[in-house]
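Participant: I would like the atomic coordinates for the input below:
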Amino acid sequence: MDFTKFYKSSFNPDEEFDCPEYDLFISAYDECDRTRIPYDKVKAKRKLWMLFPQYNYKGNPPAEDYYTNSSVRESDFFKGFYELFDTVKLREMIICIDSTGFLRPHLLFLMAYFNRIGLKQIDVLYTEPGRYSKADETAFSINIDSVRTVDGCSNTPVTDEEMNDVLIVCSGYDEKLFSAVASYKSNCRHKYHIVGFPSLQLDMYQESMLRFYKIKESIGSSERMFAPAFDPFVTAQTIDDILKEIPKVSNIYLSPLSTKPQTIGMMLFYLYYKKLKPVSILFPFSIEYTSGHTEGVKRTWRYTIEFPAQGN
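Facilitator: Presented below is the predicted three-dimensional model:
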C-alpha cells in the first residue's frame, strides 16, 4: 500500500477554494477564523456545525444549522446524528469534513462510521494556524480522565503479553497526553514517536520539542521518526514503514496526539490494515478542551480520503 498516492491540495485564505459542491459539509464550531473562513467559502447543499460539550461554549449557539449532544463519549455523541440522515442516501452523498476544530476521537469515530456504512470517499479540510497564542506554553486539554481505545477503532489483542507490542505516538504540544499514553503502555517493547517535521510554522517544531523534553525521562526510550505535520498520507506511510522493520509484532497501538492531518493519517492506516493486523487507536481523554488558542490563518488543506472497500 502506497499512501503517498492519495490526493491533496492547499488554498490561501483569500483564494477561492477549488472544491466540488458538496451535498454535506460538517465543521466543528469553535468561534475562530480557522473554521469560519472555510465554512463561508465551501459550497454545499447543507452545512452542519458540530457543537462539542467539552468546549464548554459560553455564548449563543451559531445562527446556522448545527448538531449537538450532551454526551461526551464519541459513540454516544453521534447517536442523534444518525437520525438526521437516511443511511442509503448518506452513502451516496459527496461529503466534506472540516477537521480543524474537531475533537480527535470524534473525528476518528465519524470517519470510521462513514467507512462502515459504505462511503467510497470523503474530502477532509484542515486550516493551519498562523501561530499558537502562548507558544510552547499553549494548553489544549484539561484534566486527563482516562486512556482507552477510541470507539470504533479497536481490535481484539492477539495476546495479553505486551513485550512484542508496538506503540506509535504522533507527538505534539501536549506533553501530558504523551506521558499518559506512555505510562498506560509502559511495557511495550517497541516505542516510536512521530514528530511533525516540517512543522506547520518554522518555530512550532522547536516549541513542541521544548514540551517533549519536559517528559523525556518519564516516558522511557522511544525512537524518533519524522513526517510533515500537514500531510496525513506521509504519516500513514511512515507508520507502514516502521512496522515493516519490526520482525515480530503482537499488538499495534497508535495514538494521535499531534495535528489533525497526522490524526487523519493514523486513521487511514487503521482503516486499511484493521482486518490484517491487530491495530487499535489509543487516546488519553480529557473532560474539557480549550479553544481559541491560535492567532491568524495560514492555508487550508484539502485531503481526498479514499476508503477501503468493506470486503477488504
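
Participant: check contacts around the residue lying closest to Asp23 once chain neighbours are set aside.
Facilitator: Taking CB to CB, 6 or more residues apart in numbering as the measure, Asp23 lies nearest to Met93, with 3.9 Å between them; neighbours along the chain are not counted. C-betas here are computed from N, CA, C, even on glycine. By CB atoms under 8 Å, 6 or more residues apart in numbering, Met93 lies in contact with 22-24, 119.

Participant: Then Met93 would be within a helix, right?
Facilitator: No. Looking at Met93 with DSSP: H, G, I helix; E, B strand; the rest coil, it is coil, so not inside a helix.

Participant: Do you know the pLDDT at it?
Facilitator: The per-residue pLDDT reported for Met93 equals 97.

Participant: hang on, the earlier thing: got a winner among the contacts of Met93 for most neighbours?
Facilitator: For these, neighbours were counted by other CB atoms under 10 Å; the highest total belongs to Tyr22, with 20 neighbours.

Participant: wait, it sits on Lys41?
Facilitator: No. The pair Tyr22 and Lys41 fails to qualify as a contact (CB atoms under 8 Å) at a distance of 11.9 Å.

Participant: Enumerate every residue touching the nearest residue to Gly265 once chain neighbours are set aside.
Facilitator: Leaving out its chain neighbours, the residue that sits closest to Gly265 by CB to CB, 6+ apart is Thr235, at 2.9 Å. Thr235 makes contacts with 170, 194, 227-228, 261-262, 264-266, 269, as judged by CB under 8 Å, 6+ apart.

Participant: try 7 Å
Facilitator: Residues touching Thr235, when contacts are defined by CB atoms under 7 Å, 6 or more residues apart in numbering, comprise 170, 194, 227, 262, 265-266.

Participant: now swap in Pro38 and tell me
Facilitator: Pro38 sits next to 27, 98, 125, 127, 300 when contact means CB under 7 Å, 6+ apart.

Participant: Check which helix or strand the residue nearest the centre of the chain maps to.
Facilitator: Nearest to the centroid of the C-alpha atoms of the chain, with distances taken as CA atoms, centre = their mean, sits Thr263, at 3.0 Å. Here Thr263 is covered by helix 260-273, with elements defined by DSSP states H and E.

Participant: got the contact list for that helix?
Facilitator: Applying CB under 7 Å, 6+ apart, the external contacts of helix 260-273 come out as 1, 3, 99-100, 102, 104, 107-108, 111, 115, 124, 126, 153, 170, 194, 196, 227, 229-233, 235-236, 239-240, 254, 256, 279, 281, 301, 303, 305, 307-308.

Participant: Just the ones in helices from those, please.
Facilitator: When these are checked against helices (DSSP state H), the matches are 104, 107-108, 111, 115, 232-233, 235-236, 239-240.

Participant: Domain map for the chain?
Facilitator: Here the domain parsing of the chain from automatic domain parsing is 3-133+295-306, 135-289.

Participant: What distance do you get for Asp252 to Pro20?
Facilitator: Slight slip there: residue 252 is Ile, not Asp. Taking CB to CB, to the nearest Å as the measure, Ile252 and Pro20 are separated by 35 Å.

Participant: This completes my enquiry, with thanks.
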